[in-house]
Each structure stands twice: as C-alpha cells, then as structure tokens.
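>>> next input, structure requested:
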Amino acid sequence: MKRSILFFGFLSAILFATTASAASFHCSDYRGDRVDFRSSPEVTKIAIAGYSFGGNPVIWENDGLGAEWDSLMKQYAYYYECGRHVVGNTLRDNGHNYESWNQVSLADCWAASKLVISEGVSKEDIEALQTQLNEMEREQWARFPGPVRVLDLVKDCRI
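Model prediction:
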C-alpha cells in the first residue's frame, strides 16, 4: 500500500511539474500542493526543502552558491529537493540509516527521471552528470543538496 501511494505520488508529480530553473520551476509535493520557492542568502546549500511557518511546502534557494556548476547540475539540485517533497521525506526524522538512504535514493531517482522525461536529457548526459557529482570535493557537497554520496543514476534508477 505504501509503495502504491509513493508510486502514484511520483507519477502525478512527474505529470504536473514543468521546467527546472529556480524562477520557472514548478514543483508539487506528494499531496499535489504547490511548493513555493523562496530566495534566502542565509541558506547554506543551493536549495533545501522544508516547510514554512504556516506549514506550506517550500524550497529555499541560495542562487549565490554553485557558480562553478553547470545548468544541468543546478537543475538536478532543484529537482532533487522537489523529489524530497514528492516522496514525502521532508515530513519526519528518519531514525534508521536504511530508511534515510532509501529516501535519498528515491529523491535522486526522481530528479534524474524528471530530467530525462521532462527536459529530454539523454542517458549520456545523465552519465556525465553522475560523473560530475561523484567527482565533487567535500566542500562542494557541503553546498549541494543531500548527503555526500556516490551515485549510479543510470543503474540504480534504470535510466
């Protein structure tokens, strides 16, 4: 049942989200609620998903970070954070490492799939993206969404 809910939430989010640039990127959470983007120079990552004081889903962005990243990496960062809202992993503290990594993986796969389905990004471009991500230094990861990790988007996400 839980997997069915996640699958349909994932599918509906793919169908309703559009392009990925901070200004024009549309994101809906697992309930179909619009996710607002808010600029905040205090945010230590290029983007981070959460909730506003009123309980509305939001992605705070700091577009002053990541100047060394190309547009595809930046799109992936925003899609990753949107994916966190889509799979619902902004809702609770994950007490178990497996659950935490599973949700990170779901958000990674959502972001990669979104790039392929909505943006027409090729498998080769996804492979190049994962190479860029895997070669990042720790200080770059400190500004990129999610934990430090090694990605194999093509294999793990079946792209």
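>>> when you work out contacts or count neighbours from here on, use the C-alpha atoms and nothing else.
OK.
>>> got the residue ranges for the strands in this protein?
36-39, 47-51, 57-61 (DSSP state E).
>>> elements contacting the longest helix along the chain?
Among the segments of the chain that qualify as a helix by DSSP state H, the longest is helix 97-119. Counting contacts by 3 or more Cα pairs under 8 Å, 6 or more residues apart in numbering; DSSP states H and E, helix 97-119 packs against helix 2-16, helix 71-87, helix 153-156.
>>> quick one: the longest one to helix 97-119, angle?
In this structure, helix 71-87 runs at an angle of 120 degrees to helix 97-119, with axes from the mean of the first three to the mean of the last three Cα atoms, to 10 degrees as the basis.
>>> buried set for helix 71-87?
Within helix 71-87, the residues that qualify as buried by neighbour count (16 or more other Cα atoms under 10 Å) are 72-87.
>>> contact partners for the closest residue to Tyr80 other than its chain neighbours?
Closest residue in space to Tyr80, ignoring its immediate chain neighbours: Ala111 at 4.9 Å, by Cα to Cα, 6 or more residues apart in numbering. Listed by Cα atoms under 8 Å, 6 or more residues apart in numbering, the contact partners of Ala111 are 76-77, 79-80, 82-83.
>>> go again using 7 Å as the cut-off
When contacts are counted by Cα atoms under 7 Å, 6 or more residues apart in numbering, Ala111 is found next to 76, 79-80, 83.
>>> for Val43, same thing?
61-62.
>>> how near is Gln75 to Gln132?
Distance, Gln75 to Gln132, by Cα to Cα, to the nearest Å: 13 Å.
>>> hmm, back to that, farthest-separated two in the buried residues of helix 71-87?
The span of these, defined through Cα to Cα, is set by Leu72 and Val87 at 21.7 Å.
>>> name the helix or strand of the chain that has the lowest mean pLDDT.
helix 2-16 (a mean of 42; mean pLDDT, DSSP states H and E).
>>> picking that back up, dump the strands of the chain to TSV, plus mean neighbour count and distance to Leu151.
Putting the strands of the chain into TSV (neighbours: other Cα atoms under 10 Å; distance: least, Cα to Cα, whole Å) gives the following:
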stretch	mean neighbour count	distance to Leu151
strand 36-39	17	26
strand 47-51	22	19
strand 57-61	23	23
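>>> any idea which of those gets closest to Asp156?
Across those, Asp156 has its closest neighbour in strand 47-51 (23.0 Å, Cα to Cα).
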